[in-house]
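Undergrad: after the sequence you'll find the predicted model.
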Amino acid sequence: VATVGNDGALEGPTRVAGGNGESAVQPLWSPDGVLHFVSDRGNWWNLRRLAGGRVEPLTDIEAEFATPPWVFGMKNYAFLSPTRILCAFTRRGTWSLAILDTRTRHLTPVDLPFTDISSVQCNGSQAVFLAGSPTEPLSVVRLDLDTGGHEVLRRATSLSIAAEYLSTPEPIEFPTAGGRTAHGLFYAPRNPEFAAPEGERPPLVVMIHGGPTSMATTALRLNIQYYTSRGIAVLDVNYGGSTGYGREYRERLNGAWGVVDVDDCCSGAAYLAAQGRVDANSLAIRGGSAGGYTTLACLAFRKAFAAGASHYGVSDCEILARDTHKFESRYLDTLIGPYPERRDLYVARSPLYHLDGLDRPVIFFQGLDDKVVPPNQAEMLFDALRKRGVPTAYVPFEGEQHGFRKAENICRALEGELYFFARVLGFEPADAIPPVSIENL
């Protein structure tokens with residue numbers, strides 16, 4: 001903090017929080033002029049304030065009151081008065097809303113049917129935020145703080161699905177490399193109109209979030225329900241490095257991207273297979289962007305999965321370090337190592353340099369206008385697999401960049417992914433799907 005002089009210069013700047021070993025985010029001034037922020041100096045991103053020249057904790061629980069600041073304006077709390085804060089926090093992938101009394105430090109839960117909450121704003125007795133649940137898509141919600149009643153103002157989609165068709169996430173913990181524990185959300189197959197043959201276990205699709213320090217949440221995701229309603233289980237992995245489980249868990253990925261995430265995704269699939277909840281011989285993996293990188297790394301460096309799908313996935317870490325946008329320009333120094341000093345690590349962890357290990361069927365989905373992960377990365381991998389006789393497919397999209405925006409392309413990618421998995425894993429899809437041209441099959 002600092003005083004702004006008459007000439008606009010900062011006078012007497014003092015560091016309140018943040019630096020090596022502490023992440024301080026979302027600074028806000030209360031109505032009476034007290035600085036509040038979220039800090040993880042106690043391992044968990046909890047609320048704090050600067051009072052009388054010293055930092056005071058307002059909450060001290062094993063939960064996160066913030067997420068990585070990927071964009072400007074992210075807010076997980078807002079002031080109802082100088083002494084009352086409406087705040088959202090997450091535990092084990094599930095978000096809650098509560099009112100904090102800063103005098104007593106007491107958190108009073110707000111009873112709502114939502115499990116994913118963000119972008120909290122307040123104005124008097126009204127609050128507005130984004131919220132979703134396993135049966136409700138992400139929506140703009142208004143809360144009346146006097147009555148406790150809420151109203152959905154706008155849903156992300158008008159599509160309505162009966163609850164009996166929706167698979168709800170089960171938070172799971174599973175053992176992983178180094179004697180550690182990792183986390184995920186397991187979705188069992190669900191469709192009241194069908195039943196699996198006696199004794200048969202479902203295939204499993206492991207889904208990898210992007211970031212890579214983002215997190216999988218419990219809000220309704222139609223791509224997950226697309227699989228579960230067709231008899232296929234899904235594991236949405238919050239591998240070491242994901243947000244929502246404290247700083248120590250988040251820092252597992254430091255210097256270990258391409259190692260810890262790979263270990264955890266493989267371990268999660270193996271855990272479910274050992275529990276008898278999925279078919280050990282029908283394990284697939286998919287992800288986009290950073291999740292696409294983890295997908296390709298799992299397939300190149302491990303033998304846990306029978307097939308994979310990469311959506312604009314990173315295959316060359318060195319190119320990403322050299323050419324990425326300014327906001328993430330030194331991101332990989334933390335996730336892998338300083339570049340170019342540790343170029344050896346970038347080569348060692350890039351699937352593009354380890355094509356000999358990439359011998360499982362892979363389908364690639366790629367926007368041809370992608371500037372973050374250029375199309376030639378997917379094309380080189382596709383050509384290499386095709387020449388080596390490995391079943392593979394490449395689906396490019398004109399006019400798409402890093403992430404698909406057109407509804408018809410999103411639909412085509414999802415259907416194409418299921419079609420590919422069905423062909424290489426040897427099962428018949430439940431509905432007619434436009435075919436994808438698969439080489440070597």
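TA: Received the coordinates, thanks.

Undergrad: tally of neighbours for residue 370?
TA: 19 (other Cβ atoms under 10 Å). Where you see a C-beta, it was placed from the backbone N, CA and C, and this is true even at glycine.

Undergrad: which residues touch it?
TA: Residues near residue 370 by Cβ atoms under 8 Å, 6 or more residues apart in numbering: 312, 400-402.

Undergrad: filter these to the buried ones?
TA: The neighbour count (16 or more other Cβ atoms under 10 Å) marks 312, 400, 402 as buried among the contacts of residue 370.

Undergrad: show me which of those is closest to residue 11.
TA: Closest approach to residue 11 among the buried ones among the contacts of residue 370 (Cβ to Cβ): residue 402, at 42.4 Å.

Undergrad: wait, isn't the closest one in contact with residue 372?
TA: Yes: at 4.1 Å, residue 402 and residue 372 qualify as touching, with contact defined as Cβ atoms under 8 Å.

Undergrad: overlap in contacts, the two.
TA: 289, 312.

Undergrad: what's the closest of the buried ones among the contacts of residue 370 to residue 1?
TA: The closest of the buried ones among the contacts of residue 370, once distances to residue 1 are taken by Cβ to Cβ, is residue 402, at 36.7 Å.

Undergrad: show residues contacting the one helix or strand residue 80 maps to.
TA: Residue 80 is located in strand 77-81, with elements delineated by DSSP states H and E. The contact list for strand 77-81 (Cβ under 8 Å, 6+ apart) reads 26, 28, 30-31, 36, 38, 47, 65, 85-88, 99-100, 120-122, 127, 145.

Undergrad: mind redoing it with 6 Å?
TA: Contact partners of strand 77-81, identified using Cβ atoms under 6 Å, 6 or more residues apart in numbering, comprise 30-31, 85-87, 120-122.

Undergrad: what of stretch 55-69?
TA: Contacts for stretch 55-69 (Cβ under 6 Å, 6+ apart): 25-26, 38, 44-49, 76, 87, 89-91, 102, 213, 243-244.

Undergrad: thinking again about what came up before, just the buried members of the contacts of strand 77-81?
TA: 30, 85-87, 120, 122.

Undergrad: next one: the longest helix anywhere in the chain to chain centre, how far?
TA: In the chain, taking DSSP state H as the definition, the longest helix is helix 407-425. Relative to its chain's centre, helix 407-425 lies at 21 Å (Cα atoms, centre = their mean, to the nearest Å).

Undergrad: helices and strands around it, which ones?
TA: strand 307-311, strand 392-397 (3 or more Cβ pairs under 6 Å, 6 or more residues apart in numbering; DSSP states H and E).

Undergrad: can you list contacts of the last one?
TA: So that's strand 392-397. 362-368, 382, 385-386, 409, 416, 420, 436, 438-439.

Undergrad: what angle separates it from helix 407-425?
TA: 180 degrees (axes from the mean of the first three to the mean of the last three Cα atoms, to 10 degrees).

Undergrad: kindly calculate the angle that strand 392-397 makes with strand 307-311.
TA: 20 degrees.

Undergrad: in strand 392-397, what counts as buried?
TA: 392-395, 397.

Undergrad: dump the residues you listed to CSV, plus pLDDT and distance to residue 278.
TA: Compiled in CSV, those are given as follows (pLDDT from 0 to 100; distance: Cβ to Cβ, whole Å):
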residue, pLDDT, distance to residue 278
392, 98, 24
393, 98, 24
394, 97, 28
395, 97, 26
397, 96, 31
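
Undergrad: so which of the residues you listed is the closest to residue 429?
TA: residue 393 (15.2 Å).

Undergrad: grab the nearest non-local neighbour of residue 192.
TA: residue 164 (5.0 Å; Cβ to Cβ, 6 or more residues apart in numbering).

Undergrad: likewise residue 379?
TA: That would be residue 394: by Cβ to Cβ, 6+ apart, it lies 6.9 Å from residue 379.

Undergrad: report the beta-bridge partners for that neighbour.
TA: residue 364 (DSSP bridges).

Undergrad: quick one: the helices in the chain, in order.
TA: Using DSSP H, helices in the chain cover 222-228, 247-250, 260-274, 290-301, 317-323, 331-335, 343-348, 375-387, 407-425.

Undergrad: narrow the contacts of strand 392-397 to those that are buried.
TA: Among these, the ones that count as buried by 16+ other Cβ under 10 Å are 362-367, 382, 385, 409, 416, 420, 436, 438-439.

Undergrad: nearest to residue 282, of these?
TA: The closest of the buried ones among the contacts of strand 392-397, once distances to residue 282 are taken by Cβ to Cβ, is residue 420, at 13.3 Å.

Undergrad: from residue 103, how far out is the closest one?
TA: Counting by Cβ to Cβ, to the nearest Å, the separation of residue 420 from residue 103 is 58 Å.

Undergrad: cool, residue 233 as well?
TA: Separation of residue 233 from residue 103 (Cβ to Cβ) stands at 48 Å.

Undergrad: pull out the buried residues from the lowest-mean-pLDDT helix or strand in the chain.
TA: Across the helices and strands of the chain, mean confidence by mean pLDDT, DSSP states H and E is lowest for helix 317-323: a mean of 86. For helix 317-323, the neighbour count (16+ other Cβ under 10 Å) marks 317-321 as buried.

Undergrad: for residue 297, state which of the residues you listed is nearest.
TA: Using Cβ to Cβ, those come closest to residue 297 at residue 317, 9.6 Å.

Undergrad: how about that closest one, what does it touch?
TA: Per Cβ under 6 Å, 6+ apart, neighbours of residue 317: 346, 349-350.

Undergrad: and those as CSV, adding distance to residue 107 and pLDDT?
TA: Output for the contacts of residue 317, formatted as CSV (distance: Cβ to Cβ, whole Å; pLDDT from 0 to 100):
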residue, distance to residue 107, pLDDT
346, 44, 95
349, 41, 96
350, 45, 95
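
Undergrad: which among those residues end up buried?
TA: For these, buried by 16+ other Cβ under 10 Å: 346, 349-350.

Undergrad: can you lay out the residues you listed as JSON lines showing distance to residue 305?
TA: As requested, these are arranged in JSON lines below (distance: Cβ to Cβ, whole Å):
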{"residue": "346", "distance to residue 305": "24"}
{"residue": "349", "distance to residue 305": "18"}
{"residue": "350", "distance to residue 305": "19"}
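
Undergrad: what is the nearest of these to residue 11?
TA: residue 346 (43.4 Å).

Undergrad: next up, the contacts around the closest one.
TA: 317-318.

Undergrad: what's the distance between it and residue 336?
TA: 6 Å.

Undergrad: same check, this time on residue 206
TA: 22 Å.

Undergrad: residues near the residue nearest to residue 192, how many?
TA: Residue 164, neighbours per other Cβ under 10 Å, totals 9.
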